[in-house]
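1. give me the fold of what follows.
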Amino acid sequence: MTGGSPGESDSPRILVATNMYPTAGDPARGAFVQAQVEALSARGSAVRVFHVRGDRQAGKYAAAIGPLREAVRSWDADVVFAFYGLMGWIAIWQPAPVVLSLAGDDVLGTPDGRGGITVRSRLGVFLTQWAARHAAAVCVQSEEMRRRLWGKGLRERARVIPYGVDHSRFAPGPQRDARTRLDLPLDPPLVIFPNTPEETRKRLPLAEAAMVLVRAEFPTVLFRVVARVPHGVMPDYYRSADCCLLTSEWEGSPNVVKEALLSGVPVVSTDVGDVRQWVRLSMASLIAEPSAASVANAVCRVLRERRRENPAPFIEAFSSGAIAGRMMTIFRAVRPARRN
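-> Residues are numbered from 1 along each chain as shown. Down below sits the predicted model:
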């Protein structure tokens, strides 16, 4: 468990329980959680992180119930802020109120490639829904996720609050300087695909098929899959690009889209999660149908103009500072009164 700032006396003490947090071996995993921790600390709250490495062994989730109870007791936490449904299931077995932030596949499930979801993710969805019913507050990333919650009462009290992005880190900058730092050619148009290629729901083959068609008009275009790079390097990848491409089958609130827009980079995306909401605020981004021809047409439109986005509308919408302010309102509402 890692510590945070001491906080102000009237600010809640927040224990962040998460299975996603940057490590030396995977510095990008859960970087959005780290950004939220830093933003909450900046607002005066004492914040500590309880990290469960469930990606290594599923049994670590059940084994974490006792240690999390002890962490809440020993640190005298006011609120447990749980990221992801399984972490919510762990968190409900301790006495502090739980604010549960759901990510996407914890509610929607993991596609099995045959039009359904995997057996393992069915169990995950069940445990997520159970945790959500017992949480003091529930946050989801999109209206689609809210509609998939079980029960009218749960859907009505859930709040749509996307994960925040640090706009001091993800901000526009000179494209040629960024390409120089990354050792990329300076002049050809560049499309980036900042996703883990092994995740089938990201549909890398669709992106690659679209880029074959794009090269008919832009034969020198570069296409880069950006995965497992230090999160501190990601701003340069966005600044170096002319287009950020997302071809996912489903998403909650994809951070790569928000990071790109704050960095001034147009996005071409399938209509997933809350992407359409942000594209409406955009000057140059486009939604495409999930076909190679539609994605290629949208990418070509973006590359013809090679415009940059104005990040101003997105800072208030989903910067980590703005989201932290909304979350603090929730934490203050659910924390119990302290005895003198």
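2. in the stretch 151-300 of the chain, which spans are helices?
-> Under the criterion DSSP state H, counting those that start in this stretch, the stretch 151-300 of the chain contains helices at 152-157, 175-182, 204-214, 234-240, 255-262, 275-279, 292-305.
3. what's the most buried one of these?
-> Taking mean count of other C-beta atoms under 10 Å as the contact definition, the stretch among these with the greatest mean neighbour count is helix 255-262, which reaches a mean of 27. C-betas here are computed from N, CA, C, even on glycine.
4. for it, packing partners?
-> helix 234-240, strand 243-246, strand 267-270, helix 275-279, helix 312-318 (3 or more C-beta pairs under 8 Å, 6 or more residues apart in numbering; DSSP states H and E).
5. ok, the spatially most central residue of the chain - contacts?
-> Most central residue of the chain, judged by C-alpha distance to the mean C-alpha position with C-alpha atoms, centre = their mean, is residue 255 at 4.2 Å. Contact partners of residue 255, counting by C-beta atoms under 8 Å, 6 or more residues apart in numbering, are 31, 32, 163, 165.
6. at 7 Å what do you get?
-> 32, 163, 165 (C-beta atoms under 7 Å, 6 or more residues apart in numbering).
7. let me know the pLDDT of the first one.
-> So that's residue 32. Predicted confidence (pLDDT) for residue 32: 86.
8. not counting sequence-adjacent ones, nearest residue to it?
-> residue 163 (4.5 Å; C-beta to C-beta, 6 or more residues apart in numbering).
9. flag every buried residue along stretch 143-162.
-> For stretch 143-162, burial by neighbour count (16 or more other C-beta atoms under 10 Å) applies to 144, 145, 146, 148, 149, 155, 158, 161, 162.
10. which SS class is residue 49?
-> Look at residue 49: counting by DSSP: H, G, I helix; E, B strand; the rest coil, its state is strand.
11. neighbours around it, how many?
-> 21 (other C-beta atoms under 10 Å).
12. cool, residue 52 as well?
-> Residues contacting residue 52 under the criterion other C-beta under 10 Å number 22.
13. pretty sure it contacts residue 59?
-> No. Counting by C-beta atoms under 7 Å, residue 52 sits too far from residue 59 to count as a contact (10.7 Å).
14. tell me the spacing between the residue lying closest to residue 31 once chain neighbours are set aside and residue 165.
-> Leaving out its chain neighbours, the residue that sits closest to residue 31 by C-beta to C-beta, 6+ apart is residue 231, at 4.1 Å. According to C-beta to C-beta, to the nearest Å, residue 231 and residue 165 sit 11 Å apart.
15. could you do residue 245 as well?
-> Residue 245 is 18 Å from residue 165, where distance means C-beta to C-beta.
16. how about residue 303?
-> With the distance defined as C-beta to C-beta, residue 303 ends up 24 Å from residue 165.
17. sorry, back to before: pLDDT score assigned to the residue nearest to residue 31?
-> At residue 231 the predicted local confidence, pLDDT, stands at 78.
18. mind listing what it touches?
-> Residue 231 makes contact with 22, 27, 28, 31 under the criterion C-beta under 7 Å, 6+ apart.
19. ok, now how distant is the residue nearest to the centre of the chain from residue 300?
-> Between residue 255 and residue 300 the computed distance is 26 Å (C-beta to C-beta).
20. one more: residue 27?
-> For residue 27, the distance to residue 300 - C-beta to C-beta - is 33 Å.
21. cool, and residue 252?
-> Following C-beta to C-beta, the distance that separates residue 252 from residue 300 is 28 Å.
22. quickly list the domain ranges of the protein.
-> The record's domain split for the chain, according to automatic domain parsing, is 14-164+319-334, 175-317.
23. so where's the protein shaky on pLDDT?
-> 2-9, 55-58, 338-340 (pLDDT under 70).
24. now do 80
-> In the predicted model, the chain carries pLDDT under 80 at residues 1-10, 25-28, 54-59, 111-113, 115, 231, 337-340.
25. ranges for the strands of it?
-> With DSSP state E, the ranges of strands along the chain come out as 14-18, 47-51, 79-83, 98-101, 137-140, 159-160, 190-193, 222-225, 243-246, 267-270, 286-288.
26. ok now the shortest one, how far from the chain's centre?
-> If I follow you right, that is strand 159-160. Its chain's C-alpha centre and that of strand 159-160 lie 15 Å apart, by C-alpha atoms, centre = their mean, to the nearest Å.
27. hmm, who's touching it?
-> Strand 159-160 is contacted by residues 139, 140, 142, 143, 146 when judged by C-beta under 7 Å, 6+ apart.
28. mind putting those residues in CSV, distance to residue 316 included?
-> Formatted as CSV, the contacts of strand 159-160 follow (distance: C-beta to C-beta, whole Å):
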residue, distance to residue 316
139, 18
140, 20
142, 18
143, 19
146, 22
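29. which pair in those residues spans the largest distance?
-> Taking C-beta to C-beta as the measure, these span a maximum distance of 12.7 Å, between 139 and 143.
30. ok, the residue nearest to residue 267 when sequence neighbours are not counted to residue 25 distance?
-> If you skip the residues right next to it in sequence, residue 267 has residue 285 as its closest partner in space, 4.2 Å away by C-beta to C-beta, 6+ apart. Here the criterion is C-beta to C-beta. By it, residue 285 lies 33 Å from residue 25.
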